[in-house]
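Peer 1: Structural data only, the sequence is not supplied:
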């Protein structure tokens with residue numbers, strides 16, 4: 001799985017820690033370590049028994065940045081293509097208008 005596929009396979013969740021951990025019951029957002037380990041074991045931090053207990057968020061962030069930059073380059077290329085195509089459309093439209101004008105001038109008149 002490449003980084004983009006890994007990122008798309010991750011499923012963010014919201015959660016609250018138990019009262020003993022966070023008495024304010026603040027809502028947090030993150031990833032489930034066990035789920036992350038199934039997708040990419042390198043992104044999981046494991047306890048002394050080898051069970052996933054946390055996520056290497058700094059690595060996830062780096063992967064996200066990398067994927068964002070790839071997509072940004074693609075968007076920039078698409079914008080350049082759209083701008084070039086728009087100029088071509090404008091040029092073709094101008095040509096069609098000239099041809100239509102010429103056809104109107106040479107259009108035979110009907111006699112009745």
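Peer 2: Alright, I've got the coordinates. Note that the coordinates shown come from a computational prediction; the quantities given were computed from them, not determined experimentally. Residues are numbered from 1 along each chain as shown.
Peer 1: Let me see the backbone angles for the residue most central in space within the chain.
Peer 2: Using CA atoms, centre = their mean, the residue of the chain that lies closest to the mean C-alpha position is residue 71, 6.0 Å off. Here is the backbone geometry of residue 71 (degrees, to the nearest 10): phi -70, psi -40.
Peer 1: now do residue 24
Peer 2: According to degrees, to the nearest 10, residue 24 has phi -80, psi -10.
Peer 1: do you know how far it is from residue 87?
Peer 2: Separation of residue 24 from residue 87 (CB to CB, to the nearest Å): 57 Å. In short, each C-beta sits where N, CA and C put it, glycine included.
Peer 1: go on, residue 1?
Peer 2: 40 Å.
Peer 1: repeat for residue 28
Peer 2: 50 Å.
Peer 1: Would you confirm that residue 45 contacts residue 57?
Peer 2: No. Applying CB atoms under 8 Å, one finds residue 45 not in contact with residue 57, separated by 9.7 Å.
Peer 1: where does the protein have low pLDDT?
Peer 2: By pLDDT under 70, the low-scoring segments of the chain are 109-112.
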